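Chemist: Okay, here's the prediction I keep looking at, along with the sequence it came from:
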Amino acid sequence: MCGIVGYIGDKEVTEVLIEGLSRLEYRGYDSSGIAVYDQGEVHVRKYKGRLSILADHLKEETLTGVVGIGHTRWATHGEPSDRNAHPHTNVSGNIAVIHNGIIENYMKIKEWLIEEKGIEFKSETDSEIIAHLVDHYYEGDLLKAVYKAIDKMEGAYAIGVICKDEPDKIVAVRKDSPLIVGLGEGENFIASDIPALLKYTRKMYLIENDEVVLLTKEGVTIFNELGQKMDREVFHVTWDAEAAEKEGYEHFMKKEIHEQPKGISETLLRRLDNEDNIVLDGIKITKEDLENINKIYIVACGTAYHAGLVGRYAIEKFAKIPVEVDVASEFRYRDPFVDDKTLFIAISQSGETLDTLAALREAKRKGARILSVVNVVGSSVARESDDVFYTWAGPEIAVASTKAYTTQLVAMYLIALHMATTKGVMDQAKYKEVIAELKTMPDKVKSMLENLNEIQFLADAQFNNESVFFMGRGVDVHVAHEGSLKLKEISYINSFAIAAGELKHGTIALIEDGTLVIALATQDHLYDKMLSNIQEVRARGAYVVGVAKEGNKEIEKTADVVLYVPETMDELTPILSVIPLQLVAYYISVARGCDVDKPKNLAKSVTVE
Ligand code: M6R
């Protein structure tokens, strides 16, 4: 959460910072601010609200300069307000700091700063202590002062610091929060994420945990926590800046929904050779390794967790290995039984989700082999894993995850098939059948995206509902959970997902006249049972939208509306059945006038606990 950016060079810094922050707003958007060095002073402008408010102010309160730092905030400590917005400064205003993360021991440091040094805090944030700490240790060398300050800090942070007395420097630090450096000619940059810098450079350094970076306009030096210089290879970004643009779509979410055929196709076809054998370059798990594994955990958060549920289904079904799935925030604290016979699979679009990363580290510490499914190349989760499967979704900007999810599903199917064939538990005929069917998915998704009238009509008729239930059986339950999350996060409707068979054990009490129930009935062997469950809720007044495979017409007799997905094998339906649910959520959000791409209280990358 929160986006940081910094620049040192010859360009007008305000423009660079605003441009960079505009690409990072997905990380948080309740306030924003910049600090710029100009004519012997550090000047700060910061305002509550979207970045456009800061940009508007800057049209009147012009700031010029060639060195500066900027921040877009997702509030953790202290409400969104002008004074809690970053950058924060020391008492004299000589030192300005931006911070992404949480300083866990900030209260102790704050009390010490108040009692021992008589400092009056200007904000309620944890971050402000950093500026005062750096000031406390400052003796003419910013780098040294930052080192001393971070030695006192516990928690997660990516920070950027500038100082009036050393205007030719930016010092930045990374500990458990993402940080990259952009390399230019006579100019250098820091940022939380690559898109912030793509307008200016494609050459980056990926900063590792516990590293400190000193930037001048001429160069960048990376130090480890002991102050030793570190070598770093330049990372060349190959994707286009346009991939992070809306390209004519009203919202990133809509664009990303429509990019799914491409993402699925790239994720799949890049892993198949001419004979349709799966080739996973980043995964080195051998038959012997697999035989040594007696437990698989899949751990993730939110949508990635839902992809993990489908992943469990696929691995158990195809590879016949038992799997446990856990939300990362629970896994890390429940002292799970993990040893060197455990395979830990982390799924994360961003590769920076703190809970997932912490769970991964916990599993690694206990000896597990780590396989990750990640979208962002070079992200922390990827770097800390033994084996990596990169999804090829391209940059996902909308807070609500769509194309990352469907590509994660493809990744999990491929991993499951790879395990099945490596173990020798799937015959060739079945393997060929599944691969052939997977290859039809891009076109099937595409066909679903060509006819949206019915879904739009449904959304227009139903957007006023204040509660919605999603239900299904078998693998459909997992998709129901994803549909429900999608709807609640972008439309603020209280939605709930349940295994249809569980309804009558309590939840059915909530069904009343007009309650919207979205019932997934894509599984052939569970179809009749689902029809009975639909009857049960309809008998209590529910308005039922069924999701079924083309050709299964029986459901029309029980549901009010049916959204059809193309015929496919039961095992693979999640890739298709999630599409109408994403679209229903999207159009309901639009109809309710919500901010689709930047829903309230959320941020794209959750780098705090
Ligand atoms: O970057 P990650 O995949 O690790 O993110 C995990 C969740 O925070 C994310 O999927 C979240 O649930 C999305 N907002 C859902 O749309």
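Modeler: Cool, got the structure.
Chemist: what residues does the stretch 401-550 of the chain put near the ligand?
Modeler: Taking C-beta under 6 Å from any ligand atom as the criterion, the stretch 401-550 of the chain approaches the ligand at residues 401, 485, 489. Just so you know, the C-beta spots here come from the backbone N, C-alpha and C atoms, and that holds for glycine as well.
Chemist: Could you double-check that the second one lies in contact with His306?
Modeler: Read that as Leu485. Yes - counting by C-beta atoms under 8 Å, Leu485 touches His306, with 6.9 Å between them.
Chemist: who has more neighbours, those two?
Modeler: For Leu485 versus His306, the count of surrounding residues by other C-beta atoms under 10 Å is larger for His306: 29 against 22.
Chemist: Can you give the distance from stretch 20-35 to the centre of its chain?
Modeler: Stretch 20-35 has its average C-alpha position 16 Å from the chain's average C-alpha position, going by C-alpha atoms, centre = their mean, to the nearest Å.
Chemist: Which strands or helices does the lengthiest helix in the chain pack on?
Modeler: Ranked by residue count, the top helix of the chain under DSSP state H comes out as helix 403-423. Helices and strands in packing contact with helix 403-423 are listed as helix 260-269, helix 287-292, helix 302-314, strand 342-348, strand 369-374, strand 387-390, helix 428-439, helix 573-591; criterion 3 or more C-beta pairs under 8 Å, 6 or more residues apart in numbering; DSSP states H and E.
Chemist: Most tightly packed of the ones you listed?
Modeler: strand 342-348 (a mean of 28; mean count of other C-beta atoms under 10 Å).
Chemist: Go through the helices and strands packed on helix 403-423 and name the closest to Gln456.
Modeler: Evaluated with C-beta to C-beta, those place helix 573-591 nearest to Gln456, the distance being 5.3 Å.
Chemist: from the middle of its chain, how far away would the closest one be?
Modeler: For helix 573-591, the gap between its own C-alpha mean and the chain's C-alpha mean amounts to 19 Å (C-alpha atoms, centre = their mean).
Chemist: Quick one: mean pLDDT for that helix?
Modeler: On average, the pLDDT along helix 573-591 is 97.
Chemist: What of stretch 30-49?
Modeler: Averaged across stretch 30-49, the pLDDT comes to 95.
Chemist: residue ranges of the helices in the stretch 51-200 of the chain, please?
Modeler: With DSSP state H, counting those that start in this stretch as the criterion, the stretch 51-200 of the chain has helices at 51-60, 106-117, 128-137, 142-152.
Chemist: Which of those sits closest to the ligand?
Modeler: helix 51-60 (20.0 Å; C-beta to the nearest ligand atom).
Chemist: Mind listing what's buried along that closest one?
Modeler: The neighbour-count check on helix 51-60 (16 or more other C-beta atoms under 10 Å) flags 51, 54-55, 58 as buried.
Chemist: pretty sure Ser532 is in a helix, no?
Modeler: Yes - assessed with DSSP: H, G, I helix; E, B strand; the rest coil, Ser532 lies in a helix.
Chemist: How about the residues of the stretch 251-400 of the chain by the ligand?
Modeler: Taking C-beta under 6 Å from any ligand atom as the contact definition, the stretch 251-400 of the chain meets the ligand at 301-304, 348-350, 353, 356, 399-400.
Chemist: Next, format these as TSV and append pLDDT.
Modeler: Supplementary listing: those in TSV, determined by pLDDT from 0 to 100:
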residue	pLDDT
Cys301	97
Gly302	97
Thr303	98
Ala304	98
Ser348	97
Gln349	95
Ser350	91
Thr353	92
Thr356	96
Val399	93
Ala400	96
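Chemist: tell me which of those is nearest to the ligand?
Modeler: Using C-beta to the nearest ligand atom, Gly302 is the member of these that sits closest to the ligand, with 1.9 Å.
Chemist: ok, the closest one touching Leu485?
Modeler: Yes - using C-beta under 8 Å, Gly302 and Leu485 qualify as a contacting pair, with a distance of 6.6 Å.
Chemist: Just grab the bridge partners of the closest residue to Thr64 other than its chain neighbours for me.
Modeler: Closest residue in space to Thr64, ignoring its immediate chain neighbours: Asp38 at 5.6 Å, by C-beta to C-beta, 6 or more residues apart in numbering. With DSSP bridges applied, Asp38 shows beta-bridge pairing to Glu41.
Chemist: Surely Asp38 touches Thr62?
Modeler: No - counting by C-beta under 8 Å, no contact exists between Asp38 and Thr62, whose distance comes to 10.0 Å.
Chemist: Give me the more crowded residue out of the two.
Modeler: Here Asp38 and Thr62 are set side by side on neighbour count (other C-beta under 10 Å), and the busier one is Asp38, at 17 against 10.
Chemist: Quick check: closest non-adjacent residue to Glu19.
Modeler: Leaving aside its sequence neighbours, Glu19 is closest to Lys199 (5.9 Å, by C-beta to C-beta, 6+ apart).
Chemist: That neighbour and the ligand, how far apart?
Modeler: Counting by C-beta to the nearest ligand atom, to the nearest Å, the gap between Lys199 and the ligand amounts to 23 Å.
Chemist: just Phe189 next, same as before
Modeler: With distances defined as C-beta to the nearest ligand atom, the gap from Phe189 to the ligand amounts to 23 Å.
Chemist: how near is the residue nearest to that residue when sequence neighbours are not counted to Lys604?
Modeler: Nearest residue to Phe189 in three dimensions, chain neighbours excluded: Gly182, at 3.5 Å (C-beta to C-beta, 6+ apart). Note on Gly182: its distance to Lys604, by C-beta to C-beta, to the nearest Å, is 20 Å.
Chemist: and the protein, what are its domains?
Modeler: Following automatic domain parsing, one gets these domains for the chain: 3-238, 244-448, 453-591.
Chemist: so who does the closest residue to the ligand within the stretch 101-250 of the chain touch?
Modeler: With C-beta to the nearest ligand atom as the measure, Pro178 is the residue of the stretch 101-250 of the chain nearest to the ligand, at 10.9 Å. With contact set as C-beta atoms under 8 Å, 6 or more residues apart in numbering, Pro178 has these partners: 100, 158, 192-193, 352, 379-380, 605, 607.
Chemist: Stretch 564-580 close to the ligand?
Modeler: No - no part of stretch 564-580 sits close enough to the ligand to count as contact by C-beta under 6 Å from any ligand atom; the gap is at least 11.4 Å.
Chemist: ok now that stretch, how far from the chain's centre?
Modeler: Here the centre of mass of C-alpha atoms in stretch 564-580, compared against the chain's by C-alpha atoms, centre = their mean, lies 24 Å away.
Chemist: Now the nearest residue to Ala436 once chain neighbours are set aside. Its backbone dihedrals?
Modeler: Excluding the flanking residues, the one nearest Ala436 by C-beta to C-beta, 6+ apart is Asp276, at 7.8 Å. Listed backbone geometry of Asp276 is phi 70, psi 20, with angles given as degrees, to the nearest 10.
Chemist: so Asp276 touches Glu433, yeah?
Modeler: No - applying C-beta under 8 Å, one finds Asp276 not in contact with Glu433, separated by 11.0 Å.
Chemist: quick revisit: adding secondary structure, write the residues of the stretch 401-550 of the chain next to the ligand out as a markdown table.
Modeler: Listed next are those as a markdown table, based on three-state DSSP:
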| residue | secondary structure |
| --- | --- |
| Ser401 | coil |
| Leu485 | helix |
| Glu489 | helix |
